[in-house]
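Participant: Sharing a model prediction with you, sequence too.
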Amino acid sequence: MTTRAPAAPPGGRPDLPDVRRRPAARTGLWFVLPFLAFYLVFLLWPAIVGFGYTFTDRSLAGGPTSFVGLENWAESLTDPAMWESLWNTLVFTVLSVPLMVALALALALLTDHARKLGWFLRFGFFAPFVLPVAVMTLIWGWMYNPSLGLFNGMLGRIGVEGPEWLFGEGTAMVSVVVATAWWQVGFNYLLYLAAMQSIPGDVYEAAAIDGAGAWQRIGRITLPLLARTTALIAVLQLIGSLRVFEQIYLMTSGGPNFATRTAIQYIYDSGFVGLRIGLASSMAYVFMVIVIAASVAQFRLFSRKEA
């Protein structure tokens, strides 16, 4: 006569009763609790309070606060300066996202093929990413200086008069995009490099035996296998570019003639310079909806291409 082992409960192990698992679950809750408290106090609660401010005329100057209904929302949607700042944000995003995705891919391909210089290239390409934004803007502000800067000095040696990079309406935004790409591309580069080095070498060896050249291996093996990584980087870069603020504020302060003033800077100016917290809160929520919609649309676009 044979005896059968007791059947395991659904989702559990036969040698670990539910009574023993409950203390472990409580222990895990204590590890989650600090982050949950931080999230509720510093993220969720301010978001709820800020949404309530959108229906009031609250001001940083003090004074009584009254309910104004949807006036702040209506003003946010009809303010020409708000739409101009959204347009500047779109221009920065369109210029920066393709550049930073393509540049990161090119740098990762270079590092993957130059194995002997791999450590040096990884350090050189990623090092700018760890710089504080204030340091980055100081470096590039000096290089863009019209009279003492590196770029105009090099152009002057060949007899070309350099432009006023950060002070011209036609060059300011492009100048900030170039500086941002140098500063932020290291993160995208590491994501590409990690995904690239996870591709089995046997795939490349088989393709080489079949007569595929280096460019054919990149086009038919590397790029298709990096499709998911490209989608991830593009979505993250889109969100980051739409939220641009610090480097533009420090390098151009939104000028010249508001040519580089982005949506977040205009929200900041409305709330902390104009002291209209209610209006700035409604603008922030309008902009949040735009960022979420753009991110979802891009994610679904990449999902359809992958399918």
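Facilitator: Sure, I can see it.
Participant: When you work out contacts or count neighbours from here on, use the C-alpha atoms and nothing else.
Facilitator: Fine.
Participant: Give me the phi and psi angles of the most centrally placed residue in the chain.
Facilitator: When C-alpha atoms, centre = their mean is applied to the chain, the residue found nearest the centroid is residue 240 (2.2 Å). Here is the backbone geometry of residue 240 (degrees, to the nearest 10): phi -60, psi -40.
Participant: do you know how far it is from residue 92?
Facilitator: 11 Å (C-alpha to C-alpha, to the nearest Å).
Participant: same check, this time on residue 36
Facilitator: 35 Å.
Participant: And the two? Which one has more around it.
Facilitator: residue 92 (20 against 12; other C-alpha atoms under 10 Å).
Participant: Assign the more buried one to helix, strand or coil.
Facilitator: Reduced to three states with DSSP: H, G, I helix; E, B strand; the rest coil, the structure at residue 92 is helix.
Participant: Looks like it contacts residue 175 (just checking).
Facilitator: No: counting by C-alpha atoms under 8 Å, residue 92 does not reach residue 175; the two are 10.5 Å apart.
Participant: what stretches of this structure score poorly on pLDDT?
Facilitator: 1-24, 306-307 (pLDDT under 70).
Participant: Recalculate using a threshold of 80.
Facilitator: 1-28, 115-116, 118, 302-307 (pLDDT under 80).
Participant: Residue 35: neighbouring residues, count only.
Facilitator: So residue 35, with other C-alpha under 10 Å, has 11 neighbours.
Participant: Got the phi and psi for it?
Facilitator: The phi/psi pair for residue 35 (degrees, to the nearest 10) is phi -70, psi -40.
Participant: could you measure it against residue 41, distance?
Facilitator: 10 Å.
Participant: Same check on residue 87?
Facilitator: Taking C-alpha to C-alpha, one finds residue 87 at 33 Å from residue 41.
Participant: who has more neighbours, these two?
Facilitator: residue 87 (17 against 12).
Participant: Could you report the separation of that one from residue 261?
Facilitator: For residue 87, the distance to residue 261 - C-alpha to C-alpha - is 9 Å.
Participant: Show me what the helix or strand hosting residue 188 is packed up against.
Facilitator: Following DSSP states H and E, one finds residue 188 within helix 172-197. Counting contacts by 3 or more C-alpha pairs under 8 Å, 6 or more residues apart in numbering; DSSP states H and E, helix 172-197 packs against helix 80-113, helix 118-126, helix 133-143, helix 227-242, helix 246-251.
Participant: Relative to residue 220, tell me which of those helices wins on proximity.
Facilitator: Among the helices and strands packed on helix 172-197, helix 227-242 comes nearest to residue 220, with 11.6 Å by C-alpha to C-alpha.
Participant: how far does that closest one sit from the chain's center?
Facilitator: 7 Å (C-alpha atoms, centre = their mean, to the nearest Å).
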